[in-house]
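# dropping a prediction and its sequence here:
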Amino acid sequence: MHAVFYCKTVEAAYCDIFNNSMKVAAAWKKERTELMRVMTLNTHSWMESKPLEKLEVLTKVILERDYDLIALQEVNQLTSSETVETDAYFDTGALAEYTIHEDNFAFLLAEKLKTAGTFYYWSWMPVHLGYGQYHEGLALFSKVPVKAQGAIVSKEKEFSDYRTRKLLLGRTVLDGQEILAICCHYSWWSEETAKGFQYEWGQTLKLLDKIKCPKLLLGDFNNPAEYQQEGYELVTKSFLDSYAATDTTNSGFTVSKAIDGWSGNQQQLRMDYIFNDENFYAEACEVLFDGRGTPIISDHYGVEAELFFSELIEKENNTVKAEAESLY
C-alpha cells in the first residue's frame, strides 16, 4: 500500500576534521560539508491572538536563519474559505481530494517568503477536522523540490475524528544527499498498545523500515522527554534526539503552561523534537519562539537544529588518519 522510497548519494563531500594523534604535531583541515539547518514548530495557526502578526514573525525568522528544511504542525485552513490556485513550488502528492484555501497558513507563509525574494518548495496535507471548523494539517518546506506522500498511522481513519493521525513524508535533498523528512503530530501516550501513541509509533516503524535512505523526524510528539518509560523512550530506541546529542545550554522545553491537549499541565515539558537516524550528526540544537531570542508565536515553542552527515565525518576521519600514519 505504501510506496518504498530509495535514496542515493548524489555527490561526495568532506568535513573539517582535526587529527589529534600524538604522533602528529599539526592538524589537517579539509573542506567541511555544509551544515544543514532545520526547524519544526506546532503553529497552532489561527488559534492564537494576533495571528497575522505572528505569521510575520515566523516569516522574518525563516528569512534570517535561512533554513534548509521546515516542518510545521497544526497548519490550518477554514473549511468554508475559498480555494486558491497554487504554483509549481507546491507539491500536491499528499493533498488527496482536498484543495488549498486562501487562508491556508502554509500557503500564506510561502507567499510572504516569495514576496521577500525567497522561494521554498512546499507541501501540505490535511489530517483531521480541527475545532469543528478547520482542515488541520501538516506542512513541509524545502529549498529544493520535495516529493510528498501521506500515511495514516492511527487506528482512527475518519477525517472528522480528531484522533486520526498521519505522517507527511517528504523526499527531498540536503547537502547533495537524498533524504526522507517526516513531519509528525502524534497522539498522547496510552498504556494500551493498541491505541494512542504506542499504536501509531508501531505503525511508523513498520513504514520506515521499508524506506532505504537517511531520515529525519520533526514535530510535536505529545510525549514529554521528562516522562519515563513512555513515548520518548520508545522513539529513542530507534532514533537519536538532536537536542540530547548536543552540548546546548538552552533549556529545551517546548511547552511551559496548560495548552490544548495538556489542560492540567503545570510543568515545563519537552515534547517537540528533531529526531535523526545514524546518518546524521547534530552539531547544535536549541529552542526558539520562546520569548527570549525570538517572540512567542504559538502555544508550543519551536526547535531548530544544525546537522551534517555523520558518514562523511567518519570517512574523513579515516582518510586523515591514513594520511597521518603514512608519514611515519
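The structure has been received and is ready for your questions.
# C-alpha coordinates for stretch 76-85, PDB please?
The C-alpha trace of stretch 76-85 is given here as PDB (Å, rounded to 0.1, in the frame of the first residue of the first chain):
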ATOM      1  CA  ASN A  76      -5.000  25.200   9.400                       C
ATOM      2  CA  GLN A  77      -7.400  26.500   6.800                       C
ATOM      3  CA  LEU A  78     -11.100  27.100   7.400                       C
ATOM      4  CA  THR A  79     -13.400  24.500   5.800                       C
ATOM      5  CA  SER A  80     -15.600  27.300   4.500                       C
ATOM      6  CA  SER A  81     -12.900  29.600   2.900                       C
ATOM      7  CA  GLU A  82     -12.300  30.000  -0.800                       C
ATOM      8  CA  THR A  83     -10.000  27.800  -2.900                       C
ATOM      9  CA  VAL A  84      -6.800  29.300  -4.400                       C
ATOM     10  CA  GLU A  85      -4.500  28.300  -7.200                       C
END
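# chain center to that stretch, what's the gap?
Relative to its chain's centre, stretch 76-85 lies at 24 Å (Cα atoms, centre = their mean, to the nearest Å).
# swap in stretch 241-261?
Put simply, stretch 241-261 sits 14 Å off its chain's centre (Cα atoms, centre = their mean).
# now stretch 66-85
Distance, centroid of stretch 66-85 to centroid of chain: 15 Å (Cα atoms, centre = their mean).
# what mean pLDDT does it get?
Summarised as a single mean, pLDDT over stretch 66-85 is 98.
# go on, stretch 188-200?
Mean predicted confidence for stretch 188-200 is 93.
# the residue nearest the centre of the chain bridge partners, please.
For the chain, the residue nearest the mean C-alpha position is residue 218 (2.5 Å; Cα atoms, centre = their mean). As for beta bridges, residue 218 partners with residue 183, residue 274 under DSSP bridges.
# ok, now which ones touch residue 168?
Neighbouring residues of residue 168 by Cβ atoms under 8 Å, 6 or more residues apart in numbering: 71, 94, 123, 125, 137, 138, 139, 140, 148, 150, 182, 183. All C-beta atoms are positioned from the backbone trio N, CA, C, and that covers glycine.
# any idea which of those is closest to residue 309?
Nearest to residue 309 among those, counting by Cβ to Cβ, is residue 182 at 17.5 Å.
# now do the same for the residue nearest to the closest one when sequence neighbours are not counted: its pLDDT.
Residue nearest to residue 182 in three dimensions, not counting chain neighbours: residue 217, with 4.7 Å by Cβ to Cβ, 6 or more residues apart in numbering. As predicted, residue 217 sits at a pLDDT of 98.
# enumerate every residue touching the residue nearest to the centre of the chain.
Listed by Cβ under 8 Å, 6+ apart, the contact partners of residue 218 are 38-40, 69, 71, 181-184, 273-275, 303.
# what of residue 235?
Applying Cβ under 8 Å, 6+ apart, we find residue 235 in contact with 201, 217, 221, 223, 241, 273, 275.
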